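> Quick one, what's the 3D model for this:
(chains A and B)
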Amino acid sequence: MEFVLTFHQPAEVFEVNDDPVRGVEPMQAWRLYMEAMVGAGVLRGANRLEQFAGTAVRVRGGKRQVQDGPFAETKDLLGGYALIDVASVDEALKWAERCPGSAVGVTMVWPVRPMPKPAQ
Amino acid sequence: MNAAAAAEAAAWSSYGRLLAWLAWQWRDVAAAEDALADAFAAALERWPVDGVPEAPDAWLLTAARRRLLMAARRQRLADDPTLTVLWPGEHAAAPDVAPLPDARLRLLFVCAHPAIDAGVHSALMLQTVLGLDAARIASAFLVKPEAMTKRLVRAKAKIRDAGLRFEEPGADEWPERVASVLEAIYGAYTLHWGLADDADAGELAGEARFLAELVATQLPAEPEALGLVALLWLCEARRPARHDAFQPLHEQDPQAWDASLIAQADAALHRAAAHRAPGPFQLEAAIQAAHVQGRLHGHVPWDGITRLHERLLEIAPTVGARIAHAVALAHAGPDARAGLRLLDAIEPERIAAHQPWWAARAHLLVMAGLHDEAAAAYGRALALTVEPRLRAWMTRRLQAEQAVAARSAG
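Residues are numbered from 1 along each chain as shown, chains lettered A, B, ... in the order given. The predicted model follows:
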């Protein structure tokens, strides 16, 4: 079963992580976490996102609207995601629990909805 | 405390006992829960106005039974003599104190019934015997709250539909039934290790300990029940030594341990040993007792501990038992590599994400002087560790091994 984990954290946490001194320990924790997922054979893909550089695009009534982030309505910023393949939702929750981001922000666990196979 | 708070406190202090009692009589946990919830709602409305009744338990029980009977009438079951016999007068006496613990014990046996999926036994006990809500239980088990609620509802429907009786099991199935009850209680106890909040963890550990003591008291001739209670007492005896920082057993100050609880556990183990029927809980408790005595007297009997682990493996060759055996052997023998070989013999897919295996491997690699590999193993163990105190300790171990490895490389 595939799940996408999304890593949401407050802006201050990203500032610490990007700091060359204060960020050493948290970034090591993230590296070890990703390595553990690789070692357990569950990681299918992962990326960090430029969490301050998101842009929102909306089309309303045929008119476009473009807005730069960070967005006031959300306290936590989306800093990355991972696609994992595990045996059960319980196992996915376990990986979310181990995520270093869960101790300072929130890790969301999203079941991947299987897409119908395209017609031949 | 105001009237409303007093009423609430009085009501909730009775919940577990009353539910056990009702569920036992009614043989339908879900219906008993609904009825009791209604009785509580009525109490929380009436008591702040009328005052808390002299016998709050009896008041709640009467209200809940009336509600159960009304529901049963609607289902045209009122003619059933087993139901009408329960119809109390308006002035029902307070239930005897004595049968209540017994009712809870019977309920424990139903919760751990072989017809119910073993994975739900502990959760069912926590909810029906102790009154924990499904959301908290889901957190303790790390499952989706909705999924936990579904599992519990399914289990209770099974109790009702299969008509699982709150009766003593026959002699032939007795050992197996006792074992499931004890395992489920131990499962409930181990959950508290995963809770970072000390107050929550202490409460859950206390609840499980209460159940273990209840079973040991009610079944004094059952050596494994004594073994379980001794095991939990030995674990709890070391709780006062818990600090803000994690300390493994061999670094703790034995003076901080609860000496009277340790003595109580030793006495229980001796009583259990007199039955000459060793089982997994007695062996686990004996291993813990050996570690504790070893720390108190300055010499850990690793040879004896290794033999106890061998006995345990014969009964239950779980991954956890194999890891513990490997560590004991590494300490007992002249060469830690013997322990490492046992660890490496465990199937890789079973340990890829199993924190204790990586922590044990790191420990044995340090003993064997392989610091580079030890650092890598501590790194993996750290990534699989959640508890903050344990993470801090593991981070220090990782840094220490990285430093030693760097020195020997440079």
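
> Quick one: name the residues of chain A near chain B.
Residues of chain A lying near chain B by Cβ under 8 Å from any Cβ of the partner chain: A:25, A:29, A:32-33, A:35-36, A:39-42, A:89-90, A:93-94, A:97-98, A:103. To be clear about C-beta, it is placed using only N, CA and C from the backbone, and glycine gets the same treatment.

> Helix or strand for the closest residue to B:G187 other than its chain neighbours, just tell me which one.
Nearest residue to B:G187, sequence neighbours excluded (Cβ to Cβ, 6 or more residues apart in numbering or on different chains): B:S122, at 3.8 Å. Assigned by DSSP states H and E, B:S122 belongs to helix B:121-128.

> Repeat that for B:A360.
Per DSSP H and E: helix B:355-367 holds B:A360.

> wait, does that helix contact chain A?
No - taking Cβ under 8 Å from any Cβ as the criterion, helix B:355-367 and chain A are apart, separated by no less than 8.8 Å.

> I'd like to know which elements that helix is packed against.
If you count contacts as 3 or more Cβ pairs under 8 Å, 6 or more residues apart in numbering or on different chains; DSSP states H and E, helix B:355-367 packs onto helix B:319-332, helix B:337-344, helix B:371-383, helix B:388-409.

> and the third one, how far from the chain's centre?
On the basis of Cα atoms, centre = their mean, to the nearest Å, the separation between the geometric centre of helix B:371-383 and that of its chain is 30 Å.

> can you give me the mean pLDDT across that helix?
Averaging pLDDT along helix B:371-383 gives 96.

> who touches it?
A:29, A:32-33, A:35-36, A:39, A:98, B:355, B:358-359, B:361-362, B:365-366, B:391, B:394-395, B:397-398, B:401-402, B:404-405, B:408-409 (Cβ atoms under 8 Å, 6 or more residues apart in numbering or on different chains).

> again, only this time at 6 Å
A:32-33, A:36, B:355, B:358-359, B:361-362, B:365-366, B:394, B:397-398, B:401-402, B:404-405 (Cβ atoms under 6 Å, 6 or more residues apart in numbering or on different chains).

> For B:L105, what are phi and psi?
Phi and psi for B:L105, reported as degrees, to the nearest 10, are phi -60, psi -40.

> Tell me, how many residues neighbour the closest residue to it other than its chain neighbours?
Nearest residue to B:L105, sequence neighbours excluded (Cβ to Cβ, 6+ apart): B:Q218, at 4.8 Å. B:Q218 is flanked by 15 other residues according to other Cβ atoms under 10 Å in any protein chain shown.

> near chain A, anything from the helix or strand that comes right after the helix holding B:S122?
Using DSSP H and E, the next helix or strand after helix B:121-128 towards the C-terminus is helix B:134-141. No - judged by Cβ under 6 Å from any Cβ of the partner chain, helix B:134-141 stays clear of chain A, getting no closer than 8.4 Å.

> Next, the angle from the next helix or strand after helix B:134-141 to helix B:121-128.
Heading C-terminal from helix B:134-141, the first helix or strand you meet, by DSSP H and E, is helix B:145-161. Going by axes from the mean of the first three to the mean of the last three Cα atoms, to 10 degrees, helix B:145-161 is angled at 90 degrees with respect to helix B:121-128.

> Show me what the helix or strand that helix B:145-161 is followed by is packed against.
Counting by DSSP H and E, the element after helix B:145-161 in chain order, helix or strand, is helix B:174-190. Packing partners of helix B:174-190 (3 or more Cβ pairs under 6 Å, 6 or more residues apart in numbering or on different chains; DSSP states H and E): helix B:121-128, helix B:198-218, helix B:223-237.

> near chain A, which residues of chain B?
Of all the residues in chain B, those lying near chain A are B:142-143, B:352-353, B:379-380, B:382-384, B:386, going by Cβ under 6 Å from any Cβ.

> what two of these are the furthest from one another?
Pairwise distances across the residues of chain B next to chain A peak at 28.0 Å for B:V143 and B:G379 (criterion: Cβ to Cβ).

> per-residue pLDDT, B:W12?
The per-residue pLDDT reported for B:W12 equals 66.

> and the closest residue to B:D253 other than its chain neighbours, what is it in contact with?
Using Cβ to Cβ, 6+ apart and skipping residues adjacent in sequence, the residue nearest B:D253 is B:A241, 6.3 Å away. Listed by Cβ under 6 Å, 6+ apart, the contact set of B:A241 reads B:252, B:256-257.

> what mean pLDDT does the longest helix belonging to chain A have?
Longest helix in chain A by number of residues (criterion: DSSP state H): helix A:24-39. The pLDDT scores in helix A:24-39 average 95.

> Could you give the number of residues near whatever residue of the stretch 201-350 of chain B ends up closest to chain A?
Minimum separation of the stretch 201-350 of chain B from chain A (Cβ to the nearest Cβ) falls at B:E349, amounting to 8.2 Å. Using other Cβ under 10 Å, B:E349 has 10 neighbouring residues.

> And for A:A56?
Neighbour tally, A:A56, other Cβ under 10 Å: 10.

> gap between it and A:F14?
Using Cβ to Cβ, to the nearest Å, one gets 19 Å for the distance from A:A56 to A:F14.

> go on, B:S14?
50 Å.

> Looking at these two, which one has more neighbours?
Using other Cβ under 10 Å as the criterion, B:S14 and A:F14 rank with B:S14 on top: 22 against 18.

> List the contacts of that one.
Per Cβ under 6 Å, 6+ apart, neighbours of B:S14: B:D57.

> Is it in a helix, a strand, or coil?
helix (DSSP: H, G, I helix; E, B strand; the rest coil).

> got any ranges where the chain has weak pLDDT?
In the absence of a named chain, chain A is used. For chain A, applying pLDDT under 70 flags the ranges A:72-73.

> Oops, wrong one, chain B.
The low-confidence ranges in chain B, as defined by pLDDT under 70, are B:1-4, B:6-7, B:10-13, B:24, B:73-102, B:164-168, B:196, B:410.

> Looking at it, which residue is nearest chain A?
Proximity to chain A, evaluated over chain B using Cβ to the nearest Cβ, is greatest for B:A383 at 3.7 Å.

> how close does that residue sit to B:R407?
In terms of Cβ to Cβ, B:A383 sits 24 Å off from B:R407.

> which one of those two has more residues nearby?
B:A383 (27 against 9).

> three-state assignment of A:M108?
Counting by three-state DSSP, the backbone at A:M108 sits in strand.

> Equivalent analysis for A:A56, please.
Following three-state DSSP, the label given to A:A56 is strand.

> show me the contacts for it.
Contact analysis of A:A56 by Cβ under 6 Å, 6+ apart lists A:Q67.

> For beta bridges, what are the partners of it?
Here A:A56 sits in beta bridges with A:Q67, going by DSSP bridges.

> can you pick the most crowded of the contacts of B:A241?
B:W257 (19 neighbours).

> so that residue makes contact with B:R238?
Yes - between B:W257 and B:R238 there is a contact under Cβ atoms under 6 Å: 5.4 Å.

> Out of the contacts of B:A241, the closest to B:G298 would be?
B:Q252 (13.7 Å).

> Spatially, what comes nearest to the closest one if we skip its sequence neighbours?
Per Cβ to Cβ, 6+ apart, closest to B:Q252 is B:A241, 4.5 Å.

> Quick check: phi and psi at A:A46.
According to degrees, to the nearest 10, A:A46 has phi -160, psi 150.

> show me what contacts it?
Contact analysis of A:A46 by Cβ under 6 Å, 6+ apart lists A:A82.

> what sits opposite it in the beta ladder?
A:A82.

> so how far is B:Y15 from B:D50?
Applying Cβ to Cβ to B:D50 and B:Y15 gives a distance of 20 Å.

> the more surrounded of the two?
Set B:D50 next to B:Y15 and count neighbours by other Cβ under 10 Å: B:Y15 wins out with 16 against 12.
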